[in-house]
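Undergrad: Sharing a model prediction with you, sequence too.
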Amino acid sequence: MLTRATAAMIIAICAVGMSSQASESQAAGEQNSRPAVTDDRGTDEKPLAVKIIPTQPSRDETEKAEAEKAAKATVDRRLALETQRIADYTKWLAGITAVVCFVAVAQALLFWWQLRLIKDGARDAAAAANAAVTQANIAQRTFAVLERPYLYISGVRHFDLDEDPNGLWPVIRYRVANYGKVAAVIDAVYIQNCREEGAFPTQPMLTDLSDNLLADRILGPGAERENTSSPSLMDFVFPENGHPIPKLERDGEFFFYIVIEYHGPFTTSHVTKACWYWHDGEGVFARLNDEKYNHMT
């Protein structure tokens, strides 16, 4: 029995296998006989699309995400507040900076104005100092002009006869007067007589200490003193009624030149010069019209 059943099963299996083989062969033949169909999926014309269906997060993940979202919101809110505070501080800082800049500009302008005032003050001070110096110089010159002696020499007119140990001898009389406000102290007296033709006086000679002006050197303000000078090596004509007349060669000239050096109580180095020439036609002395021989310093 068993054998028959086994044999029947084998036969059935073989039949089924042959039937499947025949079906496959037929299908392959049909496939070979039909034209091939091209599958263009996954190409550029028909790209593949994959739909991803997200999975539902778990409860823990959801709570964690919500906590992170809340923490992020808190951080963002604090960051916004700090940013606003920084913006406010920046505005205040800008305002303070503007005020500082304004103050700096005002200080610069004030400093410039002070410099101008100082410069103007220095200029005014310099002008005042120069004016003071000028005024002092003027006052000093005025004082030197006013508070000084002025010696004038005059009285030279003709020859006179004066008695000396040898008898009468012609002399030239002259006067020295002080018209200054203070006394004069005479330092030296120089006298020169020239009688050569065209010979102007050049170097008067210092008189000796017996001269009347040097014997008493101080001549007070308003005082006047008369003195004489004796010409030497000259010949004279003595008229019966008149003054001696010098004998001069033809076209000859005679000069009487006197220089007095003196000083005052406040000033020094004063000089008075005077010169006369003999006018033979008139028989008198005349003042030489030359500032070189007639001036005062």
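TA: That came through, no problem.

Undergrad: Please parse the protein into its domains.
TA: 69-146, 151-296 (automatic domain parsing).

Undergrad: Going by mean pLDDT, which of those comes out lowest?
TA: Ranked by mean pLDDT, the domains of the chain bottom out at domain 151-296, with a mean of 85.

Undergrad: Do me a favour and get the end-to-end distance for that domain?
TA: 8 Å (CA to CA, to the nearest Å).

Undergrad: do you know which of the domains of the chain lies nearest residue 43?
TA: Nearest to residue 43 among the domains of the chain is domain 69-146 (42.9 Å), distances taken as CB to CB. The way it works is simple: take the backbone N, C-alpha and C, and place the C-beta from them, glycine included.

Undergrad: how about the strands of this protein, start to end?
TA: 151-154, 159-164, 167-178, 184-194, 205-206, 218-219, 224-229, 236-237, 245-246, 255-263, 270-279, 284-287, 295-296 (DSSP state E).

Undergrad: List the buried residues of stretch 167-177.
TA: 169-172, 174, 176-177 (16 or more other CB atoms under 10 Å).

Undergrad: now stretch 151-163
TA: 151-153, 156, 158-159.

Undergrad: Serialize the residues you listed to CSV and add fields for distance to residue 98.
TA: Formatted as CSV, the buried residues of stretch 151-163 follow (distance: CB to CB, whole Å):
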residue, distance to residue 98
151, 83
152, 84
153, 88
156, 95
158, 102
159, 104
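
Undergrad: So which of the residues you listed is the closest to residue 114?
TA: Nearest member of the buried residues of stretch 151-163 to residue 114, counting by CB to CB, is residue 151, at 58.9 Å.

Undergrad: Look up how far residue 132 lies from the residue positioned nearest the centre of the chain.
TA: Of all residues in the chain, the one closest to the mean position by CA atoms, centre = their mean is residue 119, 10.5 Å from it. Distance, residue 119 to residue 132, using CB to CB, to the nearest Å: 20 Å.

Undergrad: cool, and residue 243?
TA: Counting by CB to CB - residue 243 and residue 132 are separated by 59 Å.

Undergrad: Quick check on those two: which one has the bigger neighbour count.
TA: residue 243 (15 against 10; other CB atoms under 10 Å).

Undergrad: Need the nearest residue in space to that one, chain neighbours excluded.
TA: residue 158 (4.4 Å; CB to CB, 6 or more residues apart in numbering).

Undergrad: How about residue 220?
TA: residue 183 (4.7 Å).

Undergrad: Count the residues that sit near that neighbour.
TA: Residue 183 is flanked by 16 other residues according to other CB under 10 Å.

Undergrad: Point out the other elements, helices or strands, that the helix ranked longest in the chain touches.
TA: Looking across the chain with DSSP state H, the single longest helix is helix 59-146. With contacts defined as 3 or more CB pairs under 8 Å, 6 or more residues apart in numbering; DSSP states H and E, helix 59-146 has no helix or strand neighbours.

Undergrad: how far does it sit from the chain's center?
TA: 29 Å (CA atoms, centre = their mean, to the nearest Å).

Undergrad: Equivalent analysis for stretch 179-197, please.
TA: Distance, centroid of stretch 179-197 to centroid of chain: 53 Å (CA atoms, centre = their mean).

Undergrad: If you count neighbours, what's buried in it?
TA: 180, 182-186, 188-195.

Undergrad: Angles on the backbone of residue 247, please.
TA: Per-residue torsions, residue 247: phi -90, psi 110 (degrees, to the nearest 10).

Undergrad: Any idea how many residues pack against the nearest residue to it once chain neighbours are set aside?
TA: Leaving aside its chain neighbours, residue 247 sits nearest to residue 235 (4.1 Å; criterion: CB to CB, 6+ apart). The number of residues packed near residue 235 is 9, by other CB under 10 Å.

Undergrad: pretty sure residue 235 is touching residue 246, no?
TA: Yes - counting by CB atoms under 8 Å, residue 235 touches residue 246, with 7.2 Å between them.

Undergrad: returning to that earlier point: where's the residue nearest to residue 220 relative to residue 262, distance?
TA: Residue 183 is 10 Å from residue 262, by CB to CB.
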